[in-house]
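Engineer: structure here, sequence nowhere to be found:
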């Protein structure tokens, strides 16, 4: 949530197959502080306010 600094959440209906990939991308984003474009379509900001 953009209003909660440092908050990350990763959920998926196909967690057994995509879990490792999402985990790696998210961990890299958290550690580097840089947003990965591969995750852009899944961010809460994609919904209009």
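Structural biologist: Received, thanks. None of these values were measured; they are calculated from a predicted model.
Engineer: residues in contact with residue 22?
Structural biologist: 10, 12 (CB atoms under 8 Å, 6 or more residues apart in numbering). All C-beta atoms are positioned from the backbone trio N, CA, C, and that covers glycine.
Engineer: quick one, phi psi at it?
Structural biologist: phi -60, psi -40 (degrees, to the nearest 10).
Engineer: where does this protein have low pLDDT?
Structural biologist: 1, 15 (pLDDT under 70).
Engineer: do a quick rundown of the helices in it.
Structural biologist: For the chain, applying DSSP state H gives helices covering 15-32.
Engineer: can you get me a residue count around residue 8?
Structural biologist: Neighbour count of residue 8, defined by other CB atoms under 10 Å: 10.
Engineer: mind checking how far it is from residue 20?
Structural biologist: According to CB to CB, to the nearest Å, residue 8 and residue 20 sit 16 Å apart.
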